[in-house]
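>>> Attaching a predicted model along with its sequence, questions to come.
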Amino acid sequence: MSDTVPASPLQVFSAALAGLVAGAAPGLVSVHSHRARSSGFAWGPGLIVTADEALAEEGEIAVTLPDGTSHPATLAGRDASTDIALLRIDRADLPPPPAPAAPVAPGGLALVLGAEDGAPSVALGVIARAAGPWRSLRGGDIDARIELDAAPRRAAEGGLVLDAAGGAIGMAVFGPRRRVLVIPRATIDRVAAALAAHGRIARGYLGLALQPVPLEGGGGGVMVISIDPQGPGAAAGVLQGDVILAWAGEPVRSVRSLLRTLGPDAIGRTIALSVRRAGVPAELHLTVGERPAA
């Protein structure tokens, strides 16, 4: 007669979570840049994905691998609009995470995996929201809106978000009021591929410096305060002091809303501008250019 006590459901569940962490841990890294600490994960041979916002603007970058060794990293490219940065390291043996087996759905369990000094940190949460594509405040196209009810450590930003089967949903980042957002895997794959190939994501360029202004009778527009003489705005005949009232037939309510339209797909498009010049309405046509490399 056996005296073995069957494992409780809670023990089975706990062991399953620990197994998911152990399976993903070999691809997790700690990222150190200036005074910033974040996490990252393998995306391809010698390539690490991390959160752009958690990466210092300048200075040396190093990553600590799961074996505890530290390695210098170089910046392959970064895209603030999608919060994705890509690093290169001289190690091609880190395993990338597996793809999720099922679509993301509200109420599903999620694990947020970060790394601190090479060791994994873990937070268990729930998918609080799963919706369609959206555009970030910086104009980046994100393939799905995924929000978590979880409380990961600060250094976990840039780390992996796993579903209950161990598939990688995407990358954990912090939104307003420390809300945990997920940059979906589809967005990471698209942006990281472009960063690996070109080092940057092409963005639309107007060659105009703008500021919001109120209009008589209510409403507002944006005033042109300076012009790049070689830019698309100058070529379209935009003048300093012009007030842009509408863009492609839509009212312009803020500088931010206008800049958010200047994604990669805007380059080469010719846009109708409704402007007010010295109080007189005018119509111009501007062909969006590509923002020069910094």
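Thanks, I have the structure now.
>>> dump the residue contacts of the spatially closest residue to Pro232 that is not a sequence neighbour.
Of all residues beyond its chain neighbours, the one nearest Pro232 is Gly289 (4.3 Å), with distances taken as C-beta to C-beta, 6 or more residues apart in numbering. Heads up, the C-betas are built off the backbone N, CA and C, glycines and all. Gly289 makes contact with 204-207, 231-232, 267, according to C-beta atoms under 8 Å, 6 or more residues apart in numbering.
>>> So which elements touch the helix or strand where Ile48 lies?
Using DSSP states H and E, Ile48 maps to strand 47-51. Counting by 3 or more C-beta pairs under 8 Å, 6 or more residues apart in numbering; DSSP states H and E, the packing neighbours recorded for strand 47-51 are strand 28-33, strand 36-44, strand 84-88, strand 168-174, helix 185-198.
>>> and of those, who's closest to Pro98?
strand 168-174 (6.5 Å; C-beta to C-beta).
>>> Need the CA coordinates for that closest one. PDB is fine.
Output of strand 168-174 as PDB, limited to C-alpha atoms (Å, rounded to 0.1, in the frame of the first residue of the first chain):
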ATOM      1  CA  ALA A 168       5.400  34.600 -26.100                       C
ATOM      2  CA  ILE A 169       2.500  37.100 -26.400                       C
ATOM      3  CA  GLY A 170       5.000  40.000 -26.600                       C
ATOM      4  CA  MET A 171       7.100  42.500 -24.600                       C
ATOM      5  CA  ALA A 172       6.000  44.200 -21.300                       C
ATOM      6  CA  VAL A 173       6.200  48.000 -21.100                       C
ATOM      7  CA  PHE A 174       4.800  50.500 -18.700                       C
END
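>>> partner strands of that strand, parallel or antiparallel?
strand 160-162 (antiparallel), strand 180-184 (antiparallel) (DSSP bridges).
>>> Need the mean per-residue confidence for it.
For strand 168-174, mean pLDDT is 97.
>>> between that strand and strand 36-44, how many degrees?
Relative orientation of strand 168-174 and strand 36-44, computed by axes from the mean of the first three to the mean of the last three C-alpha atoms, to 10 degrees: 160 degrees.
>>> which residues are contacting strand 168-174?
24, 41, 49-51, 53-54, 83-84, 97-100, 104, 110, 112, 114, 146, 148, 152, 156-163, 180-185, 187-188.
>>> got the buried residues for that strand?
Applying a neighbour-count criterion of 16 or more other C-beta atoms under 10 Å, the buried positions in strand 168-174 are 168-174.
>>> again with stretch 111-122
Judged by neighbour count (16+ other C-beta under 10 Å), stretch 111-122 contains these buried residues: 111-116, 118, 120-122.
>>> Now for the residues you listed: which two are most distant?
Largest separation among these by C-beta to C-beta: Leu111 and Gly118, giving 18.1 Å.
>>> on that earlier part again, tabulate the buried residues of strand 168-174 (a markdown table), appending distance to Val31.
Output for those, formatted as a markdown table (distance: C-beta to C-beta, whole Å):
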| residue | distance to Val31 |
| --- | --- |
| Ala168 | 17 |
| Ile169 | 20 |
| Gly170 | 17 |
| Met171 | 12 |
| Ala172 | 13 |
| Val173 | 13 |
| Phe174 | 15 |
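>>> And stretch 52-65, end to end?
Start and end residues of stretch 52-65 are separated by 19 Å (C-alpha to C-alpha, to the nearest Å).
>>> what do you get for stretch 72-86?
Its start and end residues considered, stretch 72-86 measures 14 Å (C-alpha to C-alpha).
>>> Show me what the mean pLDDT comes to for that stretch.
For stretch 72-86, mean pLDDT rounds to 95.
>>> cool, stretch 102-120 as well?
94.
>>> How far does it sit from its chain's centre?
Remark: stretch 102-120 is offset 17 Å from the chain centroid, using C-alpha atoms, centre = their mean, to the nearest Å.
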